[in-house]
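>>> Dropping a prediction and its sequence here:
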Amino acid sequence: MVGLGLALACAGLFALAVVGVRMVRSTGLEDVEEFRQPVHSGRQRGFSAMIDSLGDRLLGVTMRAYGAARLRRLEELIRRAGRPDGLTLMVYVRRQGALVFVGVVLLLLFSVVGLMVVGVIALVVMALWMPVWLRSVSRSRTTRIDAELPDFLDVLGVTVSAGLSFRQAVERVCEVSEGPLAEEMTTVLREMSLGVSRRQAFVALRERVRSDAVASFVTALLQAEELGVPLADALVNISGDARREHAEYVRQAMARAQPKASLVITLTIVPGAIVLIGATVVLSNQGILHGLF
């Protein structure tokens with residue numbers, strides 16, 4: 001009981017210290033005004049509401065800890081992940097700061113009761129929760145884009161061959177397509193409608209997606225435009241290259257998955273088979289074994 005009270009007292013003192021430091025210092029948002037967005041709208045309940053409320057109070061400290069350069073890189077990563085669940089930079093920073101604070105409190109609590117290792121594990125889990133989730137979503141989205149690119153280019157090539165201009169063809173294909181690739185191409189069309197050149201819009205697409213297949217597509221498209229190659233023929237060739245690259249990626253993924261499958265079989269099926277065989281031998285020879293023991 002005394003240990004629990006001491007742990008709660010330590011957590012309370014730590015929280016008061018953090019709030020006090022935040023109150024006597026500036027908010028830390030002066031150098032990153034371009035990142036300021038509405039924090040959130042609507043009502044939330046449960047754990048998310050508690051985390052958001054705590055993150056609001058730690059927002060200044062968290063922003064200073066990130067710094068402007070890291071915030072810009074984080075904004076690029078969020079945009080590359082497709083802003084899952086409407087995620088914004090401020091929401092991410094707010095929740096990341098709150099989770100790290102909760103991890104520190106758990107570390108203090110477990111340290112007081114003599115479970116330092118458990119506390120460190122809790123802190124690591126809380127600190128890595130949001131970054132690992134965001135990078136996982138970004139990788140999954142990039143994989144989907146690579147898989148959708150060949151079919152998208154096939155349909156785009158057919159549409160261009162039907163007589164539509166490149167921009168009209170992209171608009172038509174995006175209207176009937178779904179998925180992250182259609183979203184990115186729609187963004188390209190919006191940029192072009194605002195006066196951005198086709199080259200600049202597709203270069204921005206290449207930098208935003210960070211996919212080898214998309215990079216090859218953009219490079220080939222720009223080269224075809226510079227050399228005067230007919231757009232329909234260029235799209236057919238690019239589609240074939242993208243399909244071959246995706247097939248090679250799938251083969252490599254299967255090759256990497258084979259050792260993992262073998263490891264799972266070794267650690268699960270083989271021990272179970274050994275136990276089954278051993279039990280069968282023991283049961284079939286229980287009379288002999290009973291005489292020996």
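Here it is on my side, so go on. Only a predicted model underlies this, so the values are computations on that prediction, with no experimental measurement involved.
>>> What is the burial count for V113?
V113 sits with 13 neighbouring residues when counted by other CB atoms under 10 Å. All C-beta spots, glycine's among them, are computed from the backbone N, C-alpha and C.
>>> repeat for the one 3 residues further on
One way to gauge burial is a neighbour count; for M116, by other CB under 10 Å, it gives 12.
>>> G114 now?
Neighbour tally, G114, other CB under 10 Å: 10.
>>> what secondary structure does it sit in?
Here G114 is recorded as coil under DSSP: H, G, I helix; E, B strand; the rest coil.
>>> quick one: it from R80, how far?
Taking CB to CB, to the nearest Å as the measure, G114 and R80 are separated by 43 Å.
>>> And R210, by the same measure?
Following CB to CB, the distance that separates R210 from R80 is 6 Å.
>>> Please apply the same query to Q252.
Counting by CB to CB, the gap from Q252 to R80 is 22 Å.
>>> more neighbours, these two?
Between Q252 and R80, counting by other CB under 10 Å, R80 is the more crowded of the two (22 against 10).
>>> Now the more buried one: phi and psi?
phi -70, psi -30 (degrees, to the nearest 10).
>>> Spatially nearest residue to it (excluding sequence neighbours)?
S138 (5.2 Å; CB to CB, 6 or more residues apart in numbering).
>>> what residues are shared contacts of R210 and R80?
Common contacts of R210 and R80 (CB atoms under 8 Å, 6 or more residues apart in numbering): T142.
>>> can you tell me the average pLDDT over whichever strand or helix holds L123?
Assigned by DSSP states H and E, L123 falls within helix 116-161. Across helix 116-161, the average pLDDT comes to 86.
>>> Can you tell me which helices and strands it packs against?
helix 59-80, helix 89-112, helix 166-176, helix 180-193, helix 212-227, helix 231-284 (3 or more CB pairs under 8 Å, 6 or more residues apart in numbering; DSSP states H and E).
>>> Comparing the ones you listed, which comes out most buried?
For those, average neighbour numbers computed from mean count of other CB atoms under 10 Å are highest in helix 89-112, which has a mean of 21.
>>> Next, the angle helix 59-80 makes with it.
Helix 89-112 and helix 59-80 meet at an angle of 120 degrees, taking axes from the mean of the first three to the mean of the last three CA atoms, to 10 degrees as the criterion.
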